[in-house]
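Chemist: Mind looking at a prediction? Sequence and model below.
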Amino acid sequence: MRLDLHVHSTRSPDGTVSPRDILKIAKKRKLGGVAITDHNSLKGSFEARSMAKEFGLVVVRGLEISSDIGHVLAYGIDEEIPRDLSVGETVARVRKAGGFASIAHPYRWWSGVGEKAAVRSRPDALEVMNAGSTKLHNNMARKLCKRMKVRRTAGSDAHVPEGVGRAYITIENVGSEEAVLEEIRRGRVKTSGKSRTAPESVQYGYEVITAWAKRGFKRM
C-alpha cells in the first residue's frame, strides 16, 4: 500500500485543501492512507482521522513542527509540541509524547534544519523524498539517512490538490496507524515520488518570499 506522509490541509495557514477533500483525492489516486501534517496543529489530522473509515483509508496522526531553525515531522501523537524549540528538544518532546520524529526536507533553504542539526538531534527518521524539494536535495537526504542509519519517510508536502500523492512510501498492506509506524520503524519501507523541477523551484521561491512578506517577515 502507498501512503503520502506529508500533506497540508486548510488547517495550515498556507493550505488550500480541506481534510475531507484530501481523503477524496487520496482515494481517487489509489493511496492506502495519508498523514495530514499541518504547521504546528493537529486539527486537520484529527478531522481526517474521524473520516478515515468512511473512505477506507489509514490516517496517521501528524503535524509539522517549526523548531527554532526548521521543520520536524511528528507522527502518532495526540498533543501539539511547542514551536521554536531546538531541533533536539523538539525530537525529544515528540518521543516523550509517544510519537515518531522525522526531519522534514533537511536540505531545503529556509525551512530545512540542515545537516549538522539533523545529525545532532538523533531523529527516528529523515524525510528522503519530498515532492517539494529538488532532486539534488532529495538525493543528499538519502545519503545522509544512510550515513546516520535512521529510518526513511516520504511525502508530497502538498498544499494544493494537484500535489497530493506526488511522493509516498510503499509498505505491506496494513490497517492501522500503529501498523504503519511499525513498518517504518522496522525499515520495511520503499520511498518513491517526483522531485521539484527547476522551473517549479523558481516559482516556489517567488511564492515563499511573497508569503513571507505578507506575514510581516515572520516564519511559518
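Modeler: Great, that's in hand.

Chemist: Helices along this protein, start to end?
Modeler: Using DSSP state H, the helices of the chain run over 19-28, 43-50, 52-55, 87-96, 115-121, 135-148, 177-185, 198-214.

Chemist: could those helices be laid out in a markdown table, adding distance to Gly70 and mean neighbour count?
Modeler: From N, CA and C alone the C-beta is placed, and that goes for glycine too. Below are those laid out as a markdown table (distance: least, CB to CB, whole Å; neighbours: other CB atoms under 10 Å):
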| stretch | distance to Gly70 | mean neighbour count |
| --- | --- | --- |
| helix 19-28 | 24 | 20 |
| helix 43-50 | 20 | 21 |
| helix 52-55 | 29 | 13 |
| helix 87-96 | 7 | 20 |
| helix 115-121 | 7 | 17 |
| helix 135-148 | 13 | 17 |
| helix 177-185 | 21 | 18 |
| helix 198-214 | 14 | 12 |
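
Chemist: Which of those helices sits closest to Ser67?
Modeler: helix 87-96 (4.5 Å; CB to CB).

Chemist: Packing partners of that closest one?
Modeler: strand 71-75, strand 100-103, helix 115-121 (3 or more CB pairs under 8 Å, 6 or more residues apart in numbering; DSSP states H and E).

Chemist: Any regions of the protein where pLDDT drops low?
Modeler: Low-confidence regions of the chain, defined by pLDDT under 70, span residues 198-220.

Chemist: one more time with 80, if that's ok
Modeler: Applying pLDDT under 80 to the chain flags the ranges 197-220.
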